[in-house]
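1. Provided below are the primary sequence and the corresponding predicted coordinates.
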Amino acid sequence: MCVRACVISDPSRPAGLRAGSWTALDVVEALGSSLEHPEPRTRARGLQLLGQVLLRCHGALRHAEVTHLVLFFEARLKDHHLVIPAVLHGLHALSLSEALAPGLAVSVLKAIFQEVHVQSLLQLDRHTSLGTDFTFGFIQVMDGEKDPRNLLVAFQIVRDLVLKGYALGPFVEELFEVTSCYFPIDFTPPPNDPHGIQREDLIISLRAVLASTPQFAEFLLPLLIEKMDSELQSAKLDAVQTLSACCAIYGPKELQEFLPSLWASLRREVFQTASEKLEAECLGTLTALAACLSHAVLHADTHDPLDTFLSGVLQDCRHHLCEPDMKLVWPSAKLLQAAASASLRAYHHIAGSVLPLLLEQYNQHPQSSQRRTILEMLLGFLELLQKWGHEEGDETVLLGVRAPLCSVVFSALTDPSVQLQIVGVRALTVLGALPGLLVASDLDLAVDHLTRLVLHEEDPQSSMAAMEAAGTLAPAHPGAFTDHMVRALAQELQTEREDEGTRHQRCLQALAAVSTHPSIVRETVPVLLQHLRHLQRGSEPGDTGKTASLCRSLHRVAVQSQHDPESCSFYHQAVVPCLLGLALQAALQEDALLAPGKALLEEEALTSMVPVISAASTHLSPELAVQSAALIVPLFLDGDVSFLPQNSFPCSFQPFQDGPCLAAQRRLVTLLMAFICSLPRNVPVPQQDRLLRELLALSCACDCPFAATAAAKCFAGLVNKHPEGPQLDEVLQLALNRLEPGLAEGPRRTQALGLLLWVTKALVLRYHPLSSRLTDKVLALLGDAELGPAAAEGLGLLLGDAPDVLHRGCHADVRLMYRQRFFTDNVPRLVQGFHAAHSDVKANYLKGLSHVLNHLPKPVLVTELPTLLPLLLEALSCLDRGVQLSTLRCLQPLLLEAPRALSPHGDTLVTKFLSLTDSPAMAVRIAALRCIHALTSLPAPGLLPYKARVIRALAKPLDDKKRLVRKEAVVARGDWFLLGSPGR
């Protein structure tokens, strides 16, 4: 108190010091009794107060005052250790003064290193003193430091010393020793550590120090070799990773002396590995070593260190490739590939020696399994060449073995072994992607082989691999694939066979897969559309599978063409009118629902056309989008069919008119939805107001649920993209006028609910003010005996991603975090409604709540878990299987992501999950078993009392009649058996 009193008694002194009416000497004299007090704590408080005054007034100090104060504080560094922190703070304040001479700064640093024993200070004060730059003094300060917080700072300072060019002088070895003594890091953070320092943080920080300068190489590399040869896996891993980091900084000169020992250690770990991670790190380090040697500057009178090193690698590994038992073939191949991947020069050295040997070995081994192993090694070397891109001379090493290499690959493609065929297809894919390796005859033969595998190979794996290879190679060789594969597939589609279904299915998939180049798209799309016309002429009621399969192929072509303007434009102009024309032709026939071609009007067929039209329309140029909208909208509003191919129809197209004979036409509104709802927001829709009114009327008045839903989706998609203003308000008011009486009573309440849900979703996504009012209507319907279950399912629709409309892929207006906002606004009302509802409809609220929670981001849900968990547990007891399933799917990820929040409820969860494993619904049984499996992520001590009970209860699902249920039971029971075992 006496210390403060000397300043408090005259508060003008600090201000006077800043103003110049007081000098620093006056302040020191005022504190004199405290600065000379026999009690160290009092002296410390006096110096602390002096430091605070100087910190506030350092800008007003003069040179002479700074000099005297520095000398004063330096002398005080010899004082009691309780005084030292205050002295350091005073020196820190003086260091901020512009009047501090450079010579005084050096004097201060020397005095600190000489007089201050850092480890005697508190952690905070030690941290302060480490902020120095003088090498020798820093070594003294750091020596013996154990606190991980200060070690992180110390490692950073050492790295700064090196990287900022401070002269290490004769202290290189001392600086290395004072840091390397911590290698490898052996640190386990204490429980609930507030500082959050992890072992990995210290490892990375120390590694950055050790790899910071080549001057450490002569000391570090022997240490790393020692640790790599130790028995401790963690030390080996740390040493290998540190060596890899050093290779980016060191040069060939620093590594050369230690290369034989480093190679021996790396080779041993790969040959005798007990850890896949360690093996991968060793291979990566070998690549880093070879890459470092590749950067050596060569002179006429010097040898190439890379050639010397790689020759040793070849000598130790090459002979293993020829061993009859092939025991060490893969480890040797991995080492050779790792060394070859370092640089193009390294690749030429290794591949030039290894590739001819592998080709020879392939021909000497008749067994398919051995040939597959050798071909996989060849494939690894081929893939490496793609790493550097195409440069002049890149393929020199392959040109010498081109003919035998192609022969080996083609031999694999004709082998009876499916696995060898697949590896051969992969090798052919790489060969074809490397420019100049396949001559014209080889390329034609390769395409013929792929076509044969697609059409005639019985195993679907080989067939699918050939299709994917064709799609990869087609952009590089479009002519060959057009002349051979596309032509053969087109002919196959025209043939009639007993196995026509399977063969045609493969043809369709292959045509889609190979359509990866604009010129090929122009050939494949007409083939697919011609086959669709053929199917439409011969289709029978219920025969929709072939149409759906063909539409999946068309959709794949559309997706592959989206990012090429030429292909996208051609595809849209060819496919969309054709699909619309075929659909109209089926719908406008007399008694359309029974006529040939009726399969096109069934829900499965029309639904499969939606993604085709959508994908063909999302990436259109603005001009083409406007042009198409001007044709398609009048088609549905006015029946203008003039732009359609084969546009002579027996009657007019009027999908929005009343009449029972128009039911087939109304179903085609789903195709209008696919086009209109995929257009960008800046594309104007012709006659939009009229179109909205027609869609609104159809969605509420149509007896066909499929057509009504399509109209509601289309209406919602247009509303979502409609600009703000009076026109939108008028449209929404019309919708409300239709909805309120439709929901109140009548035979079409279900259609009205569907419209309400889709319009609500459209407005929720764009944060429209009316969305809250419509959401209230949906929540109110949860208490309705008739519509309540559908309204509960509708809450999932509001927050889920619709596949065909109202998502970002079709340019919908989707705002960020709309799900979180919906949760915040409506879940409290759901909970309140549940508690107030009659027992007959409580299940609706639980189902709706579980749907909302299932679509909520899990980090948000975890924070609200304590409030909602009682309701979720109650939902598990609900008899509604939909509620059970939805709740189980909500709880499973929470068990994995927030185990501690759920661990207090372990008894309840175990009981309820086990009871649901007997559910009649297979989906519920599977979900319950997955939750039981996820329970093992909870803290083991809380679960051990239930271990025996759960294992006994899971014996019954092991005999379930469904294979998928038995599979989940095996996985869950296995983890419960291991619960509490060491290592878990």
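-> Happy to help now that I have it.

2. Any regions of the stretch 201-350 of the chain where pLDDT drops low?
-> Low-confidence segments of the stretch 201-350 of the chain, defined by pLDDT under 70: 297-302.

3. So which residues of it form helices?
-> 217-228, 233-247, 252-256, 259-271, 276-294, 305-317, 329-340, 344-364 (DSSP state H, counting those that start in this stretch).

4. Next: the stretch 551-700 of the chain.
-> 565-587, 603-617, 622-638, 663-666, 669-676, 688-701.

5. Specify the stretch among the ones you listed that is closest to residue 553.
-> helix 603-617 (9.4 Å; C-beta to C-beta). Quick note: C-beta positions are derived from backbone N, CA and C, even for glycine.

6. buried ones in the closest one?
-> Using 16 or more other C-beta atoms under 10 Å as the test for burial, helix 603-617 gives 605-617.

7. okay, those residues in a markdown table with distance to residue 146 and pLDDT next?
-> Shown next, in a markdown table, are the buried residues of helix 603-617 (distance: C-beta to C-beta, whole Å; pLDDT from 0 to 100):
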| residue | distance to residue 146 | pLDDT |
| --- | --- | --- |
| 605 | 74 | 90 |
| 606 | 73 | 92 |
| 607 | 68 | 93 |
| 608 | 68 | 93 |
| 609 | 71 | 94 |
| 610 | 67 | 95 |
| 611 | 63 | 95 |
| 612 | 68 | 95 |
| 613 | 69 | 95 |
| 614 | 64 | 95 |
| 615 | 63 | 94 |
| 616 | 68 | 94 |
| 617 | 67 | 94 |
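
8. Tabulate those residues (TSV), appending distance to residue 810.
-> Below are those laid out as TSV (distance: C-beta to C-beta, whole Å):
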residue	distance to residue 810
605	21
606	18
607	16
608	17
609	15
610	11
611	10
612	13
613	11
614	6
615	10
616	12
617	8
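
9. Distance check, residue 244 against residue 336.
-> According to C-beta to C-beta, to the nearest Å, residue 244 and residue 336 sit 18 Å apart.

10. With residue 947 instead?
-> 49 Å.

11. between those two, who's got more neighbours?
-> residue 336 (27 against 16; other C-beta atoms under 10 Å).

12. if I look at that one, how far off is residue 342?
-> 11 Å.

13. got it, and residue 703?
-> For residue 703 relative to residue 342 (C-beta to C-beta), the value is 72 Å.

14. what about the two, which has more around it?
-> residue 342 (26 against 12).

15. which residues touch the residue positioned nearest the centre of the chain?
-> By C-alpha atoms, centre = their mean, the chain has its centre lying nearest to residue 857, at 15.4 Å. Contacts here follow C-beta atoms under 8 Å, 6 or more residues apart in numbering; on that basis residue 857 touches 819, 820.

16. That one and residue 849, how far apart?
-> 16 Å.

17. likewise residue 65?
-> In terms of C-beta to C-beta, residue 65 sits 72 Å off from residue 849.

18. pretty sure residue 910 is touching residue 946, no?
-> Yes - under the criterion of C-beta atoms under 8 Å, residue 910 makes contact with residue 946 at 4.9 Å.

19. Which residues are in contact with each of those two?
-> Going by C-beta under 8 Å, 6+ apart, no residue sits against residue 910 while also sitting against residue 946.

20. Can you give me the distance of residue 612 to residue 758?
-> 22 Å.

21. how about the helix or strand encompassing residue 733: buried residues?
-> Using DSSP states H and E, residue 733 sits within helix 726-744. Residues 728, 731, 732, 735, 738, 739, 742, 743 are the ones in helix 726-744 that count as buried (16+ other C-beta under 10 Å).

22. Export these as a markdown table, with columns for distance to residue 903.
-> Shown next, in a markdown table, are these (distance: C-beta to C-beta, whole Å):
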| residue | distance to residue 903 |
| --- | --- |
| 728 | 50 |
| 731 | 52 |
| 732 | 48 |
| 735 | 48 |
| 738 | 51 |
| 739 | 46 |
| 742 | 48 |
| 743 | 44 |
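
23. just the residues you listed now: which is nearest residue 577?
-> residue 731 (29.3 Å).

24. Make sure that closest one is actually in contact with residue 688.
-> No - using C-beta under 8 Å, residue 731 makes no contact with residue 688, being 9.1 Å away.

25. what's the overlap in contacts for those two?
-> Joint contacts of residue 731 and residue 688 (C-beta under 8 Å, 6+ apart) are residue 722.

26. now stretch 797-813: how far from the chain's centre is it?
-> Stretch 797-813 has its C-alpha centroid displaced from the chain centroid by 21 Å (C-alpha atoms, centre = their mean, to the nearest Å).

27. distance of residue 828 from residue 821?
-> Distance from residue 828 to residue 821, by C-beta to C-beta: 13 Å.

28. Next: residue 624.
-> 36 Å.

29. Also residue 579?
-> Going from residue 579 to residue 821 by C-beta to C-beta gives 38 Å.

30. If you count surrounding residues, which of the two has more?
-> Between residue 579 and residue 821, counted using other C-beta under 10 Å, residue 579 has the larger neighbour count: 23 against 14.

31. Quick check: closest non-adjacent residue to the more buried one.
-> Closest residue to residue 579 apart from its sequence neighbours, by C-beta to C-beta, 6 or more residues apart in numbering: residue 609 at 5.5 Å.

32. Hmm, residue 578 and the one you found touching each other?
-> No - look at residue 609 against residue 578 with C-beta under 8 Å: they stay out of range, at 10.6 Å.

33. Please work out how many residues are found near residue 95.
-> Neighbours around residue 95, by other C-beta under 10 Å: 14.

34. Let's see the pLDDT reported for it.
-> You'll see residue 95 listed with a pLDDT of 70.

35. Name the residues of stretch 421-439 that are buried.
-> Neighbour-count burial for stretch 421-439 [16+ other C-beta under 10 Å]: 421-434, 437-438.

36. Give me the subset of the residues you listed lying in helices.
-> Mapping the buried residues of stretch 421-439 onto helices (DSSP state H) picks out 421-433.

37. can these go into JSON lines with extra columns for pLDDT and distance to residue 897?
-> JSON lines is the format used below for those (pLDDT from 0 to 100; distance: C-beta to C-beta, whole Å):
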{"residue": "421", "pLDDT": "93", "distance to residue 897": "43"}
{"residue": "422", "pLDDT": "94", "distance to residue 897": "38"}
{"residue": "423", "pLDDT": "94", "distance to residue 897": "40"}
{"residue": "424", "pLDDT": "94", "distance to residue 897": "44"}
{"residue": "425", "pLDDT": "94", "distance to residue 897": "40"}
{"residue": "426", "pLDDT": "94", "distance to residue 897": "37"}
{"residue": "427", "pLDDT": "93", "distance to residue 897": "42"}
{"residue": "428", "pLDDT": "93", "distance to residue 897": "44"}
{"residue": "429", "pLDDT": "93", "distance to residue 897": "39"}
{"residue": "430", "pLDDT": "91", "distance to residue 897": "41"}
{"residue": "431", "pLDDT": "89", "distance to residue 897": "46"}
{"residue": "432", "pLDDT": "88", "distance to residue 897": "45"}
{"residue": "433", "pLDDT": "86", "distance to residue 897": "42"}
